[in-house]
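Visitor: just coords:
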């Protein structure tokens, strides 16, 4: 049987255009500061990171893109994730939105270059970790559900050897680093809110997997930490 192919509809294309292209460019589109190298770097990392990670993941798991293309359409997704997953996705867009407004109106003083370079390294590390998790995990769905039709199994290779939810860890690092890279203290407010929602989603997803996925409890005893090794 051939692997399922993602169904590319107008709605899927519009959603991809908005989240993958428009949102990373919001700081530039809002502020109109076309000389803002940090905003160009952020957009390039976000856009290229998305496409490169999907190409690499598709080479290993062709059916994974079909699963992710059905975001918010899976009838067996957990009821709480039908609002939490879109909230996290849309909330992530608030960070570049606020950075653009901050640059337009001059709300925040710029950070020193060493701070911004450190933030840039954290952003890159976050994307690398998230991409590594996507490539390692054939069941890296956009919604929390037990994928019985895809023979859902525990994944313990790649970054899953160190933490149980490396994709969320990468996203969390990126959310918290972007405000410093793009000189916006105000953007820390949505970053902290979205990070809190992501921690809640991590806890609820982990509880779901422990209750419903065969072998996950054993894996959880072997890999103790969910997001940050040594902490939680």
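Guide: Good, I have the coordinates. Bear in mind the structure is a predicted one, so any value in this text is a computation, not a measurement. Residues are numbered from 1 along each chain as shown.

Visitor: Look up which helix or strand the residue nearest in space to the middle of the chain falls in, please.
Guide: In the chain, the residue lying closest to the centroid (C-alpha atoms, centre = their mean) is residue 171, at 4.3 Å. Take DSSP states H and E as the rule and residue 171 turns out to sit in helix 166-181.

Visitor: For that helix, what does the pLDDT average out to?
Guide: The average pLDDT for helix 166-181 rounds to 97.

Visitor: moving C-terminal of that helix, what's the next helix or strand?
Guide: Next along the chain after helix 166-181, taking DSSP H and E as the criterion, comes helix 188-212.

Visitor: ok, back up a step: just confirm the residue nearest to the centre of the chain contacts residue 127, I think it does.
Guide: No - the pair residue 171 / residue 127 is not scored as a contact, 9.2 Å apart, by C-beta atoms under 8 Å. Every C-beta, even on glycine, is put in place using the N, C-alpha and C of the backbone.

Visitor: who's in contact with the residue nearest to the centre of the chain?
Guide: Residue 171 is in contact with 92, 126, 130, 198, counting by C-beta atoms under 8 Å, 6 or more residues apart in numbering.

Visitor: so what pLDDT did the third one get?
Guide: Yep, that's residue 130 we're talking about. Residue 130 is assigned 95 on the pLDDT scale.

Visitor: wait, it sits on residue 166?
Guide: Yes - look at residue 130 against residue 166 with C-beta under 8 Å: they come within range, at 7.4 Å.

Visitor: ok, residues contacting stretch 156-166?
Guide: With C-beta under 8 Å, 6+ apart as the test, stretch 156-166 has contacts from 129-130, 132-133, 135-137, 169, 202, 205-206, 219-220, 222-223, 225-229.

Visitor: Buried subset of these as a PyMOL selection?
Guide: The following PyMOL line selects those of the contacts of stretch 156-166 that are buried, judged by 16 or more other C-beta atoms under 10 Å:
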select buried, resi 129+130+132+133+135+136+137+169+202+205+206+219+220+226+227
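
Visitor: Sort out for me which of the contacts of stretch 156-166 are in helices.
Guide: 129-130, 132-133, 135-136, 169, 202, 205-206, 219-220, 222 (DSSP state H).

Visitor: and of the residues you listed, the nearest to residue 52?
Guide: Taking C-beta to C-beta as the measure, residue 52 lies nearest residue 135 of the ones in helices among the contacts of stretch 156-166, at 10.4 Å.

Visitor: Can you pull the poorly scored residue ranges out of the chain?
Guide: In the prediction, the chain carries residues with pLDDT under 70 at positions 1-12, 72.

Visitor: cutoff 80 now
Guide: Applying pLDDT under 80 to the chain picks out residues 1-16, 69-74.

Visitor: about what we covered before: just send the contacts of residue 171 back as a markdown table, with distance to residue 19 too.
Guide: What follows is the contacts of residue 171, written out as a markdown table (distance: C-beta to C-beta, whole Å):
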| residue | distance to residue 19 |
| --- | --- |
| 92 | 8 |
| 126 | 17 |
| 130 | 14 |
| 198 | 16 |
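
Visitor: What subset of these is buried?
Guide: By neighbour count, with 16+ other C-beta under 10 Å, these hold 92, 126, 130, 198 as buried.
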